[in-house]
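> Take this sequence and fold it.
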Amino acid sequence: MIPSSQVAKLQSALPFWMTLLLIPLIWIVAGLGGWWVLLVPASTWYLFSILDGVLELNLENADPDTTDEDLYWYRFVTMIWPLVQFITLFGMIYYATHTDHLSVAAKIGLFFGVGVVTGTVGIVYSHELMHQSNKTERWLSDILLSMVLYSHFRTEHLHVHHPHVGTPRDPVTARYNEGFHRFFPRVLIGSLRSAFRAEKGRLAKKGLPWTDLSNPFWRYWAMQGGMLLLAFIIGGWAGLFLFIWQAYIAIWQLELTNYVEHYGLTRKHLGDGKYEHVKPHHSWNAAHKASNWLLINLQRHSDHHYKPNRRFPLLQNYTEDQAPQLPYGYPIMTMAAMVPPVWKRIMNPRVRKWRGMYYPEITRWHAYNKALNPEPGSKT
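A predicted model of the protein is given here:
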């Protein structure tokens with residue numbers, strides 16, 4: 001257990017600031033042009049994968065009772081990131097649409113890298129911020145999500161994914177033997193529908209229609225519309241295209257991560273639409289040090305579902321006896337997910353082992369594999 005006094009030190013937080021180095025990298029490769037623009041995604045995928053292989057696993061846990069005051073230097077990087085990302089994103093749109101230095105292909109490659117950063121870092125930081133009770137942090141989360149046109153993720157994540165993970169109601173739980181290329185279009189449609197349904201249901205309980213102005217979807221649409229308009233004002237149709245392109249890449253990065261986090265892990269149906277409580281073994285975990293620096297401990301996913309409001313430096317590591325472990329960090333696992341035969345060769349045996357370990361009494365898995373069990377709350 002790392003004591004609070006050690007956790008609070010600046011040098012303990014500094015590894016999580018490595019993401020800030022991606023910002024000057026984006027500007028440098030934009031100036032170099034050509035194939036250099038691919039250095040940004042290469043650094044997030046390959047550099048951190050190499051570092052994961054070189055560095056030891058991080059199995060230590062911080063004192064979970066550490067106060068917010070002692071976490072200042074960790075909170076600082078998540079609080080300044082929205083402004084840093086905003087300046088970088090729209091600065092890049094201005095630069096790319098007002099220079100002859102970059103070819104069309106280089107611009108597309110550059111904003112592919114920007115999207116990898118706004119997804120790998122920006123959405124992960126927005127995820128951290130949305131889970132806090134502080135209104136400022138939640139607004140910063142909304143701003144980050146509007147920059148990638150995925151504002152409904154806040155509703156879907158907080159009001160659908162967390163309460164219903166591992167059940168048929170959660171579109172984000174990847175099903176056993178479901179390749180990513182089938183999962184991706186399903187989750188794009190399913191998460192939007194489930195988020196809208198959740199907000200409509202919450203308003204209905206208050207006797208209000210979905211059109212009521214308290215529906216956060218009005219805020220989501222307004223903020224996203226503002227971002228699109230700004231991109232057009234700065235860069236015209238080309239700027240608008242580049243903005244939408246980076247947003248698509250960011251969403252793709254997010255859903256790759258979602259795919260990895262719960263692939264094949266389902267909660268036991270107890271009958272009459274009732275499911276067991278979420279437990280640590282319903283999330284895949286990874287203790288790889290460098291990728292947890294990049295993703296602010298997102299890979300300690302079991303503890304996140306156990307304590308959703310726990311700030312990222314305090315998320316606890318789980319051993320193999322407590323929760324299933326990934327063989328590699330998210331950068332390698334998401335690359336593997338893009339090649340379904342490779343992914344299934346790596347993960348399907350692990351899912352079957354997990355089933356035998358936690359649910360030996362279940363002999364027929366077809367309904368779980370196809371999400372055919374009743375939705376939570378259903379009596380059928």
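
> buried ones in the strand or helix carrying P82?
Using DSSP states H and E, P82 sits in helix 72-97. Within helix 72-97, the residues that qualify as buried are 73-75, 77-79, 81-82, 84-86, 88-90, 92-93, 95-97, counting by 16 or more other C-beta atoms under 10 Å. Using the backbone N, CA and C atoms, a C-beta is placed for each residue, glycine as well.

> other SSEs contacting that helix?
helix 10-13, helix 22-32, helix 104-117, helix 124-130, helix 135-146, helix 216-262 (3 or more C-beta pairs under 8 Å, 6 or more residues apart in numbering; DSSP states H and E).

> hey, which of the ones you listed is tucked in deepest?
With neighbours taken as mean count of other C-beta atoms under 10 Å, the helices and strands packed on helix 72-97 reach their highest mean count in helix 124-130, at a mean of 25.

> quick check: mean pLDDT across that one?
For helix 124-130, mean pLDDT rounds to 98.

> what helices or strands is that helix leaning on?
Using 3+ C-beta pairs under 8 Å, 6+ apart: helix 124-130 touches helix 72-97, helix 135-146, helix 153-156.

> Going by neighbour count, list what's buried in the shortest one.
Right, the one you point to is helix 153-156. 153-156.

> Give me the contacts around the helix or strand that that helix is followed by.
Later in the chain than helix 153-156, the nearest helix or strand by DSSP H and E is helix 162-164. By C-beta atoms under 8 Å, 6 or more residues apart in numbering, the surrounding residues in contact with helix 162-164 are 170, 278, 305, 308, 376.

> Buried ones in helix 162-164, by neighbour count?
In helix 162-164, counting by 16+ other C-beta under 10 Å, buried: H164.

> Mind giving me the packing neighbours of the very next helix or strand once past it?
For helix 162-164, the following helix or strand on the C-terminal side (DSSP H and E) is helix 180-204. Here helix 180-204 touches helix 153-156, helix 216-262, helix 340-358, going by 3+ C-beta pairs under 8 Å, 6+ apart.

> Among the ones you listed, single out whichever gets nearest to W139.
The closest of the helices and strands packed on helix 180-204 to W139 is helix 216-262. By C-beta to C-beta, the value is 9.7 Å.

> same for that closest one, what does it pack against?
helix 72-97, helix 104-117, helix 135-146, helix 153-156, helix 180-204, helix 330-337.

> who are the neighbours in contact with V165?
Counted by C-beta under 8 Å, 6+ apart, V165 has contacts 172-173, 262, 267, 278, 282-283, 305.

> Apply 7 Å and report the result again.
Applying C-beta atoms under 7 Å, 6 or more residues apart in numbering, we find V165 in contact with 173, 262, 278, 282, 305.

> do the same with V278
Taking C-beta under 7 Å, 6+ apart as the test, what V278 contacts is 165-166, 267, 305.

> The same query, at a cut-off of 10 Å, please.
162-167, 267, 302, 305-306, 308 (C-beta atoms under 10 Å, 6 or more residues apart in numbering).

> before we move on, the earlier item: of the helices and strands packed on helix 124-130, which is nearest R186?
Nearest to R186, of all the helices and strands packed on helix 124-130, is helix 153-156, at 13.5 Å by C-beta to C-beta.

> how about that closest one as PDB, C-alpha atoms only?
Taking Å, rounded to 0.1, in the frame of the first residue of the first chain, the C-alpha atoms of helix 153-156 are listed here in PDB:
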ATOM      1  CA  PHE A 153     -21.400   8.700 -24.300                       C
ATOM      2  CA  ARG A 154     -21.800  10.400 -20.900                       C
ATOM      3  CA  THR A 155     -25.500   9.300 -20.600                       C
ATOM      4  CA  GLU A 156     -24.800   5.800 -22.000                       C
END
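
> and it, what other elements does it pack with?
helix 124-130, helix 135-146, helix 180-204, helix 216-262 (3 or more C-beta pairs under 10 Å, 6 or more residues apart in numbering; DSSP states H and E).

> averaged over its residues, what pLDDT does the second one have?
In other words, helix 135-146. Across helix 135-146, pLDDT averages out at 97.

> okay, the helices and strands packed on helix 216-262 in TSV with distance to Q6 next?
As requested, these are exported to TSV (distance: least, C-beta to C-beta, whole Å):
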stretch	distance to Q6
helix 72-97	12
helix 104-117	30
helix 135-146	25
helix 153-156	33
helix 180-204	39
helix 330-337	26
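
> Any idea which of these gets closest to N369?
Ranking those by distance to N369, with C-beta to C-beta as the measure, places helix 180-204 first at 12.8 Å.

> gap between the closest one and the chain center?
16 Å (C-alpha atoms, centre = their mean, to the nearest Å).

> Can you check which of the helices and strands packed on helix 180-204 gets nearest to W45?
Each of these has some distance to W45 by C-beta to C-beta; the shortest is helix 216-262, at 10.0 Å.

> which SS state does the residue located most distally from the centre of the chain fall under?
Distance from the C-alpha centroid of the chain peaks at D100, with 34.9 Å (C-alpha atoms, centre = their mean). Three-state call for D100 (DSSP: H, G, I helix; E, B strand; the rest coil): coil.

> For S4, state which of the contacts of helix 162-164 is nearest.
Closest approach between those and S4, by C-beta to C-beta: P308, at 21.2 Å.

> what about that closest one, distance to L158?
Applying C-beta to C-beta, to the nearest Å, the value for P308 to L158 is 8 Å.

> list the residues that contact both of the two?
130-131.
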